[in-house]
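Peer 1: Okay, structure incoming, though there's no sequence with it:
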């Protein structure tokens, strides 16, 4: 059993270090990426602490103890702030949300540090810690796990809310883009639920001869491997530029007008002509990071007015309009001799698409054929 645990723990440490390397090498990191780095450093130290405990390495155990001890209290507020940092303006975001970290700071000062001191001197000198270090501490662990579960549920609801709002503003935001974030939250919820369940089971049975906490650690490592694979090979969320480089805040989205009652027909027609001219001549859809705000600047109107114009006057969305033109650009390139030596994926990138998955899905939706099928018949 020890060999199996060693395998998982060493593997988890290596994979987490690899993920941290990918995050750290990003130039001009934004707040969201820095928060992810803190998140994975926390998971790394949890693995290191478990490895040190399993292999009886006192120095390594002491060095990683406090972060491991506060990890459950820290991860909830950390992931909530991560979700907010992806969709809201980063200016003073931490300052406005610092109260979420009050419990973890309190726990760190009054519980983690005193427990560490007690471990180092091999004596409990803080009487209020005795219930936490005894069997009664199991109930406190249940409260801790429940605390994180509440934060994760709230983060999922907030993410769902922001996701719907952002879909109207970003041409490259698809379910696959958001998948990694959703899996991060749901996976974390599953892991902490496992920890809560095994903890309660251990309290009921009282005769288990091994630490059930290792079950949580094993599932956590499997989860880390999945996040690394999914983030690098599918969503590229480990470098979430498609969300970081946003020009439109949720605040602006909330101010979106619901009607065009104050705009006359002539003005609407002029806006339509101007938009068509911009799309034809400047081809802004070739920019893979095009946003509603950027397109609005091309036609010299506010983003909320353009959004309402697209929805109510043209009966479309920014997302559908831009991807329709990208598909047309792909079709033109497939018919051109200039692109006959370029792969389908290369043509997709040249036409503004950002991923193979979204390209295949959108192209088939617009044409009824997969890109490779269309290439054969064109």
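Peer 2: Ah, there it is. All values derive from a computational prediction rather than experimental measurement.

Peer 1: Please give the number of neighbouring residues around residue 282.
Peer 2: 12 (other Cβ atoms under 10 Å). C-betas here are computed from N, CA, C, even on glycine.

Peer 1: brain fart, residue 264
Peer 2: When neighbours are defined as other Cβ under 10 Å, residue 264 has 9 of them.

Peer 1: what's the offset of stretch 22-39 from the middle of its chain?
Peer 2: Between the centre of stretch 22-39 and the centre of its chain there are 12 Å (Cα atoms, centre = their mean, to the nearest Å).

Peer 1: residues of it that come out buried?
Peer 2: 23, 26, 30, 31, 32, 33, 34, 35, 36, 37, 39 (16 or more other Cβ atoms under 10 Å).

Peer 1: So which of the residues you listed sit within helices?
Peer 2: Among the buried residues of stretch 22-39, the residues falling in helices (DSSP state H) are 23, 31, 32, 33, 34, 35, 36, 37, 39.

Peer 1: Mind pulling the model confidence for the fifth one?
Peer 2: Right, residue 34. Looking at residue 34, its pLDDT stands at 90.

Peer 1: again, but for the last one
Peer 2: Reported pLDDT at residue 39 in the predicted model: 96.

Peer 1: circling back to that earlier point, between the ones in helices among the buried residues of stretch 22-39, which sits nearest residue 95?
Peer 2: Checking these against residue 95 with Cβ to Cβ, the nearest one is residue 31 at 11.6 Å.

Peer 1: where's the spatially most central residue of the chain, which helix or strand?
Peer 2: Centroid-nearest residue in the chain, with Cα atoms, centre = their mean: residue 181, separated by 3.2 Å. If you go by DSSP states H and E, residue 181 is part of helix 175-205.

Peer 1: Could you do residue 273 as well?
Peer 2: Assigned by DSSP H and E, residue 273 falls in helix 265-281.

Peer 1: For that helix, which helices and strands make contact with it?
Peer 2: Here helix 265-281 touches helix 292-299, going by 3 or more Cβ pairs under 8 Å, 6 or more residues apart in numbering; DSSP states H and E.

Peer 1: mean confidence for the helix it packs on?
Peer 2: The model assigns helix 292-299 a mean pLDDT of 90.

Peer 1: which of the residues in that helix are buried?
Peer 2: 292, 293, 295, 296, 298, 299.

Peer 1: likewise stretch 276-290?
Peer 2: Of all the residues in stretch 276-290, those buried under the rule 16+ other Cβ under 10 Å are 278, 279, 284, 285, 286, 288, 289, 290.

Peer 1: what's the following helix or strand after the helix holding residue 181?
Peer 2: helix 213-230.

Peer 1: chain center to that following helix: distance?
Peer 2: 16 Å.

Peer 1: orientation of that helix relative to helix 175-205 in degrees?
Peer 2: 170 degrees (axes from the mean of the first three to the mean of the last three Cα atoms, to 10 degrees).

Peer 1: So which elements touch helix 213-230?
Peer 2: helix 2-24, helix 31-54, helix 175-205.

Peer 1: other SSEs contacting the longest one?
Peer 2: When contacts are defined as 3+ Cβ pairs under 8 Å, 6+ apart, helix 175-205 packs onto helix 58-87, helix 137-167, helix 213-230, helix 356-367.

Peer 1: Okay, now the unreliable bits of the stretch 251-378 of the chain?
Peer 2: Applying pLDDT under 70 to the stretch 251-378 of the chain flags residues 251-263.

Peer 1: Let's see that with 50 instead.
Peer 2: The stretch 251-378 of the chain contains residues with pLDDT under 50 at 251-258.
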